[in-house]
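Undergrad: Structure for the following, please:
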Amino acid sequence: MEKYYLKYKNDVFRFVLSIVKDIPLAEDITQECFLKLFENQKTIRDFSKIKSWLFTTAKNLSVTSLNKKRFLELSDEDVLAQENDSYKLEYLELISPLSDDEQQLVSLRIIGKFKWKEIAEISDCSEEAIKKRYQRALHKLKERITEV
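TA: All right, here's what the predicted structure looks like:
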């Protein structure tokens, strides 16, 4: 395991850093990635593909970390502490007819201010697919607004 760590740690770190844009967080995720490698070494069948395994794991850990970070930034306590609570309640009521996936997509874009590329990475879809889903969700919302 040490061999893989020494060989790939810098590349994994740079990759994670390109996603999370935070050095201490990238260091933590890189460590966690190699810890997962150590924990899962018995289940890995083809060590010739270890680089791919590491980078996939690093991406997943990074995206999960970003989601947690952004979610915590929008925690209930923060929402309640802000002055414009009625706007947030109206927003939640407005998007309630959307599916869970659509609500998440709209919230990532509007509240989280994620870029299309980031949303595509989180959703494991192409940017074009995300944009189309977003447009459909907005169309549903527009129909809902005109009904009211």
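Undergrad: Please name every helix or strand in contact with the helix or strand harbouring Lys7.
TA: Using DSSP states H and E, Lys7 maps to helix 2-20. On a contact count with 3 or more C-beta pairs under 8 Å, 6 or more residues apart in numbering; DSSP states H and E, helix 2-20 meets helix 23-40, helix 50-73. (Glycine included, C-beta is placed from N, CA and C.)
Undergrad: among the helices and strands of the chain, which has the poorest mean pLDDT?
TA: Ranked by mean pLDDT, DSSP states H and E, the weakest helix or strand in the chain is helix 76-81, scoring a mean of 46.
Undergrad: and the one helix or strand Arg144 maps to, what does it pack onto?
TA: For Arg144, the element it lies in under DSSP H and E is helix 127-147. The helices and strands touching helix 127-147, judged by 3+ C-beta pairs under 8 Å, 6+ apart, are helix 85-95, helix 100-110, helix 116-123.
Undergrad: Tell me what angle the helix holding Lys7 forms with helix 23-40.
TA: 140 degrees (axes from the mean of the first three to the mean of the last three C-alpha atoms, to 10 degrees).
Undergrad: now what about helix 2-20, what contacts it?
TA: With C-beta atoms under 8 Å, 6 or more residues apart in numbering as the test, helix 2-20 has contacts from 23, 26-27, 29-30, 33-34, 37, 50-51, 54-55, 58-59, 61-63, 65-66, 121.
Undergrad: switch to 7 Å and redo it
TA: By C-beta atoms under 7 Å, 6 or more residues apart in numbering, the residues outside helix 2-20 that reach it are 23, 26-27, 29-30, 33-34, 37, 50-51, 54-55, 58-59, 62, 65-66.
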